[in-house]
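Visitor: Got a sequence here, can you build the structure:
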Amino acid sequence: MSCAFLAVSDPHPARFPDREDKRTFLQKLAEFIHPGPDSTDELIETLAEAEENHIIDADSRVMLEGVIRMADMTAGDVMVPATRMDLVNIADTYEVLLNGVIDTAHSRFPVYDGDRENIIGILLAKDLLKLQRAPELNLRALLRPAVFVPESKPLNDLLREFQGNRNHQALVIDEFGRVAGLVTIEDVLEQIVGEIEDEFDIAADEGDIFGLPDHSYRVSGDTALDRVEDAFEVKLRGRDPDDEFDTIGGLIAHEMGHVPKRGERHAMAGLNFVVLHTKGGAVKWFKVSSQGNATP
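Guide: Below you'll find the predicted structure:
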């Protein structure tokens with residue numbers, strides 16, 4: 001009887017090894033890293049081991065590493081410096097405002113009154129449509145409140161605030177109360193997921209120079225100078241073997257004497273360069289056309 005009872009109480013014992021593993025991803029990860037690393041570097045090394053052991057995939061590892069590193073970062077680490085900020089003067093005419101929006105392609109602009117340090121609010125590009133429909137409106141009435149954060153603001157806390165108050169932009173203040181720069185929710189998220197591409201970004205394997213239908217060319221700002229010279233069969237003027245510029249974007253910014261903005265033009269070595277897109281204070285793409293017959 002006892003043997004029969006044992007046989008009945010343990011049916012299909014061979015099926016237990018095939019039982020579905022219902023542990024969550026976090027449970028698996030916690031079990032893998034137990035008893036736990038002693039430092040951030042060890043934790044990151046452990047994540048690499050977890051990927052090698054197929055506990056997490058490569059994308060998950062990169063995002064987790066970004067979250068870990070972000071814990072030690074502040075608003076000052078990722079902000080766009082004040083010298084590179086695109087601001088709006090409250091005294092500008094509607095035409096000037098509209099042209100500024102078109103040239104920079106931003107959706108939000110800090111607005112100042114008199115002194116660039118005197119930020120009085122944030123203008124949303126879409127609100128300019130209200131002015132077009134009703135010119136009698138006061139621009140000040142369209143401004144949204146500006147959010148100010150210290151340079152030392154931890155990114156983790158800043159991201160929570162962005163999510164909580166639905167603001168996507170904050171002005172960064174230094175220890176003396178001056179505007180040090182600007183930080184957006186995109187700047188914060190890029191620390192986790194990497195650079196967020198937009199309609200102007202093109203995959204690296206599609207090339208750094210490629211033709212457009214109007215017989216001009218789109219050239220990445222970080223294209224090596226030698227590559228541009230070889231492609232267009234030109235010699236870039238002002239080149240010094242000892243200069244510090246390795247990319248076409250760096251050279252043109254030096255030649256122009258400032259960080260180029262969208263829509264600005266510069267002629268060099270028989271080529272016309274038009275700034276198509278900037279990001280983070282650097283040129284992402286130029287549109288290049290020949291003054292003569294130089295073609296890649």
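
Visitor: can you tell me how far Arg61 sits from Gln191?
Guide: Note on Arg61: its distance to Gln191, by CB to CB, to the nearest Å, is 15 Å. Every residue, glycine included, has its C-beta placed from N, CA and C.

Visitor: just the strands in the protein please.
Guide: Remark: strands assigned in the chain by DSSP state E are 80-81, 88-89, 108-113, 115-124, 148-150, 169-173, 179-184, 209-211, 217-220, 265-268, 271-279, 282-290.

Visitor: For the longest one, the averaged confidence score.
Guide: What that stands for is strand 115-124. What strand 115-124 shows for mean pLDDT is 92.

Visitor: And it, what does it pack against?
Guide: The contact analysis (3 or more CB pairs under 8 Å, 6 or more residues apart in numbering; DSSP states H and E) places strand 115-124 against strand 108-113, helix 139-142, strand 179-184.

Visitor: out of the ones you listed, nearest to Arg262?
Guide: Smallest distance to Arg262 across those (CB to CB): 13.7 Å, for strand 108-113.

Visitor: So which bits of that closest one are buried?
Guide: Under the neighbour-count criterion of 16 or more other CB atoms under 10 Å, strand 108-113 has Arg108, Phe109, Pro110, Val111, Tyr112 buried.

Visitor: That strand versus strand 115-124: what angle between them?
Guide: 140 degrees (axes from the mean of the first three to the mean of the last three CA atoms, to 10 degrees).

Visitor: Pipe the strands of the chain into CSV and attach distance to Glu255 per row.
Guide: As requested, the strands of the chain are arranged in CSV below (distance: least, CB to CB, whole Å):
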stretch, distance to Glu255
strand 80-81, 21
strand 88-89, 27
strand 108-113, 28
strand 115-124, 25
strand 148-150, 36
strand 169-173, 30
strand 179-184, 25
strand 209-211, 19
strand 217-220, 15
strand 265-268, 6
strand 271-279, 10
strand 282-290, 12
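
Visitor: which of the ones you listed has the lowest average pLDDT?
Guide: Minimum mean pLDDT among those: strand 209-211, a mean of 81.

Visitor: So what touches that strand?
Guide: With CB atoms under 8 Å, 6 or more residues apart in numbering as the test, strand 209-211 has contacts from Tyr217, Arg218, Val219, Ser220, Thr223, Arg227, Val228, Ala231, Pro296.

Visitor: okay if I get those residues as JSON lines plus distance to Gly121?
Guide: Shown next, in JSON lines, are the contacts of strand 209-211 (distance: CB to CB, whole Å):
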{"residue": "Tyr217", "distance to Gly121": "40"}
{"residue": "Arg218", "distance to Gly121": "36"}
{"residue": "Val219", "distance to Gly121": "37"}
{"residue": "Ser220", "distance to Gly121": "35"}
{"residue": "Thr223", "distance to Gly121": "39"}
{"residue": "Arg227", "distance to Gly121": "44"}
{"residue": "Val228", "distance to Gly121": "42"}
{"residue": "Ala231", "distance to Gly121": "46"}
{"residue": "Pro296", "distance to Gly121": "46"}
